[in-house]
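*Asks:* Got a predicted structure plus its sequence, pasted below:
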Amino acid sequence: MSMSTRLIPNQMVPQLRVKTVGGPCWRLCDQKPKHFTLVLFYRGLHCGFCKAQLQAYEARYEEFRKLGVRVLAVSADDQLRAEQTVRDWHLDELTVCWGLTVDQAQAWGLYLSEGRGKVFDGVKEPSWFVEPGMFFIKPDGHLYAGFVQTVPVAQPRIDDVLAGIRFAIETAAEPPGGADEEACRGEDCGCKEPVKLHAVGEC
């Protein structure tokens, strides 16, 4: 398994169409939140760190809603595992999505792991799963910010996430990290050639 993509702020994110627990298919291009869509990619039912993370977002769901942020969680789990996640983790507000494919995971630049038979709360790892990722997407489908991890530990604290969202809304600041060739033409920049960054797709 390989990782192939790095998403760039202020560029269009890849298409995302996934199935939801207890609802219809979810498409990113259909979403029109006031400020952001927050996509949380999580490892799956077997991950205790993911359980703590999603339960924290469930408990603070109303705060995100009042800020104009739509939150959903996505994994490569199958339908039965996703349904058990909602039931056992008591996720009544979060939209929980399942069936993420390898191609979709790679398009979003997520790290992939192979299952090694480990068990959490009686649940065995699947044959493969994604490592955590968090993406803030503007209503027009452009990336505002993204966090991709190789391990489930040391995830951004939810208080810091909320504070960051409030700052972004209050200041209307454009996100850093999206420089293209126009930002790298100065005589003193030290680059032999202009930087080439490209959009990764449109919805």
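*Replies:* Now that the structure is in, tell me what you want to look at.
*Asks:* So for the chain, the centremost residue is which one?
*Replies:* Nearest residue to the geometric centre of the chain (CA atoms, centre = their mean): residue 134, 3.3 Å.
*Asks:* Secondary structure element holding it?
*Replies:* Residue 134 is part of strand 133-137, with elements assigned from DSSP states H and E.
*Asks:* Give me the distance from that strand to the chain's centre.
*Replies:* In terms of CA atoms, centre = their mean, to the nearest Å, the centre of strand 133-137 is set 4 Å apart from its chain centre.
*Asks:* so what does it touch, helix or strand wise?
*Replies:* Applying 3 or more CB pairs under 8 Å, 6 or more residues apart in numbering; DSSP states H and E, one finds that strand 133-137 contacts strand 36-41, strand 143-148, helix 158-171. C-beta coordinates here come from the backbone N, C-alpha and C atoms, glycine included.
*Asks:* Return the alpha-carbon coordinates of the first one using PDB.
*Replies:* Below are the C-alpha coordinates for strand 36-41, written out as PDB (Å, rounded to 0.1, in the frame of the first residue of the first chain):
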ATOM      1  CA  PHE A  36     -16.700  24.600   7.200                       C
ATOM      2  CA  THR A  37     -17.200  20.900   6.700                       C
ATOM      3  CA  LEU A  38     -15.000  19.000   9.100                       C
ATOM      4  CA  VAL A  39     -14.100  15.500   7.900                       C
ATOM      5  CA  LEU A  40     -12.600  13.300  10.500                       C
ATOM      6  CA  PHE A  41     -11.000  10.100   9.000                       C
END
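*Asks:* That one vs helix 158-171, what angle?
*Replies:* 150 degrees (axes from the mean of the first three to the mean of the last three CA atoms, to 10 degrees).
*Asks:* Touching the helix or strand of the chain with the lowest mean pLDDT from outside, list them.
*Replies:* Every helix and strand of the chain was ranked by mean pLDDT, DSSP states H and E. The lowest is strand 119-120, at a mean of 87. Applying CB atoms under 8 Å, 6 or more residues apart in numbering, the contact partners of strand 119-120 are 46-48, 125.
*Asks:* ok, what's across the strand from the residue nearest to the centre of the chain?
*Replies:* On the basis of DSSP bridges, residue 134 takes part in beta bridges with residue 40, residue 147.
*Asks:* Tell me who's in contact with it.
*Replies:* 38-41, 146-147, 155-156, 161.
*Asks:* How about residue 125, nearest residue that isn't a chain neighbour?
*Replies:* residue 115 (3.5 Å; CB to CB, 6 or more residues apart in numbering).
*Asks:* burial of the one you found, as a residue count?
*Replies:* 13 (other CB atoms under 10 Å).
*Asks:* quick revisit: among the helices and strands packed on strand 133-137, which comes closest to residue 14?
*Replies:* Checking the helices and strands packed on strand 133-137 against residue 14 by CB to CB gives strand 143-148 as the closest, at 9.9 Å.
*Asks:* in the closest one, what's buried?
*Replies:* 143-146, 148 (16 or more other CB atoms under 10 Å).
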